[in-house]
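Participant: for reference, the sequence and a predicted model appear below.
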Amino acid sequence: MSIHGILASPEVSRPGRSGIYTYVNKRSVMDHTLRAAVLDGYRGMLMKQRFPMAVLFLDMDPAEVDVNVHPAKAEVRFKNSSAIFGMVVNTVRRTLTMQPVFQASATFGPSPAHRVEEAAMPYRTRQPRSGQGHLAAPAMSDTIRGGKAQGNLFEARSPGFAYADKAFVGVSHATYIILEDETSLYILDQHAAHERVTFERLMNARDAGREPTQTLLTPLVIELSPAEFKAFEEVAGDILLAGIEAEAFGEAAIAVRAYPGLLDGADIRGIMLDLLGAVMEGDLNRKEYRHDVIARIACHRSVRAGVRLGRDEVLGLLKDLDEVGSPMTCPHGRPLFKRIERDEIERWIGRRP
């Protein structure tokens, strides 16, 4: 099986799913699995209630897909939909994270019609020719065993964007880190950057089962309202997956017994009450509780705006960003930085027309 197509930059988004087009063996289809996989690949890169633009082509053995489930053949059924889902998610996510930085200026950039074309990023899973920065994937027969998709399906062929390659200029308003390279100036949000690093480390540590745990000698008992207690019962399993060991303590309180080492020194009581408040207000995505729970925990544990960082702290943060994959957005989908090209600056001050 091969996958190819076009992905729009996360900054080029829409209020609905109508910008996602999927094709199987050159036939246009409306498949829930493929659309859901594209959305999952963009997860964490888009603001809430925003959706990507993408065109996805799958070429596969006709025996692996049933095209007769809809009279107009507009829907299909895959024999191994879970494997297809995993491969598409991995392809989209790897492609987006390995691409060089995309232009983040809507004010001074080209018109929206042109920006879609410029921001579109081609990706393929076939073996690239020498010197091409595409993704390569083994054949389906080599990657699917026992009906499950294997890990590490795709290998990045491009070095991508690196924060540590940028020169540190300074910090503005104790909030924004100023970086530069030969062509551009970058304004980096220190809180959003640290939040993304903390989020990725919490997610990766839990997935690998190696997160150091801070066990409390005396459990932290937190009294709750009836509504808060009900909210806790709803997300207790997801909170545990996030690394916080908490259980009901009677009918109006919970007892926190352990939490991730990365949260050492954090306001655990405040974190728990914030999480439960978000559940009550409907601010957490019920389909992605674990992601949203860890994102809110990371927000609490990250350096705030207004805290002035020193040079060594900034350089350490840039290195940390690269170690977690040089992400472009915070866990909530907001951009980490604004890029301003040198040419734009020179036009602003009249050095060039």
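Facilitator: The structure has been received and is ready for your questions.

Participant: can you check which strand is longest in the protein?
Facilitator: Scanning the chain for the strand with the most residues, using DSSP state E, yields strand 213-223.

Participant: and the following helix or strand past it, how far from the chain's centre?
Facilitator: Downstream of strand 213-223, the first helix or strand assigned by DSSP states H and E is helix 226-241. Remark: helix 226-241 is offset 24 Å from the chain centroid, using CA atoms, centre = their mean, to the nearest Å.

Participant: for helix 226-241, name the packing helices and strands.
Facilitator: strand 245-248, strand 253-260, helix 268-281, helix 289-301 (3 or more CB pairs under 8 Å, 6 or more residues apart in numbering; DSSP states H and E). The C-beta positions use only the backbone N, C-alpha and C, and glycine is treated the same way.

Participant: give me the domain ranges for the protein.
Facilitator: The record assigns the chain these domain ranges, following automatic domain parsing: 2-149, 196-301.

Participant: would you mind finding the most buried of the helices and strands packed on helix 226-241?
Facilitator: Ranked by mean neighbour count under mean count of other CB atoms under 10 Å, the helices and strands packed on helix 226-241 are led by helix 289-301, which reaches a mean of 22.

Participant: that helix packs against which elements?
Facilitator: Using 3+ CB pairs under 8 Å, 6+ apart: helix 289-301 touches helix 190-208, helix 226-241, helix 268-281.

Participant: so which of the ones you listed comes closest to residue 328?
Facilitator: Using CB to CB as the measure, helix 190-208 is the one of the helices and strands packed on helix 289-301 that comes nearest residue 328, at 9.1 Å.

Participant: in its sheet, what does the helix or strand containing residue 6 sit against?
Facilitator: Element membership of residue 6, judged by DSSP H and E, is strand 2-7. Applying DSSP bridges, strand 2-7 is found paired with strand 54-59 (antiparallel), strand 121-124 (antiparallel).

Participant: re the thing from before, pull out the buried residues from the longest strand of the chain.
Facilitator: 219, 220, 222 (16 or more other CB atoms under 10 Å).

Participant: pLDDT weak spots in the protein?
Facilitator: Applying pLDDT under 70 to the chain picks out residues 48, 68-74, 97-160, 206-212, 285-287, 289.

Participant: repeat that with 50
Facilitator: Applying pLDDT under 50 to the chain flags the ranges 101-159.

Participant: residues contacting residue 228?
Facilitator: For residue 228, the contact set (CB atoms under 8 Å, 6 or more residues apart in numbering) comprises 273, 276, 277, 280.

Participant: which among these gets closest to residue 341?
Facilitator: Proximity of the contacts of residue 228 to residue 341 was ranked by CB to CB; the top entry is residue 277 with 41.6 Å.

Participant: same list (the helices and strands packed on helix 226-241) but as JSON lines, adding distance to residue 20.
Facilitator: Listed next are those as JSON lines, based on distance: least, CB to CB, whole Å:
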{"stretch": "strand 245-248", "distance to residue 20": "38"}
{"stretch": "strand 253-260", "distance to residue 20": "35"}
{"stretch": "helix 268-281", "distance to residue 20": "28"}
{"stretch": "helix 289-301", "distance to residue 20": "20"}
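
Participant: okay, residue 187 and residue 179: tell me how far apart.
Facilitator: 8 Å (CB to CB, to the nearest Å).

Participant: no, scratch that, I was asking about residue 306
Facilitator: For residue 306, the distance to residue 179 - CB to CB - is 20 Å.

Participant: between these two, which has more neighbouring residues?
Facilitator: residue 179 (21 against 10; other CB atoms under 10 Å).
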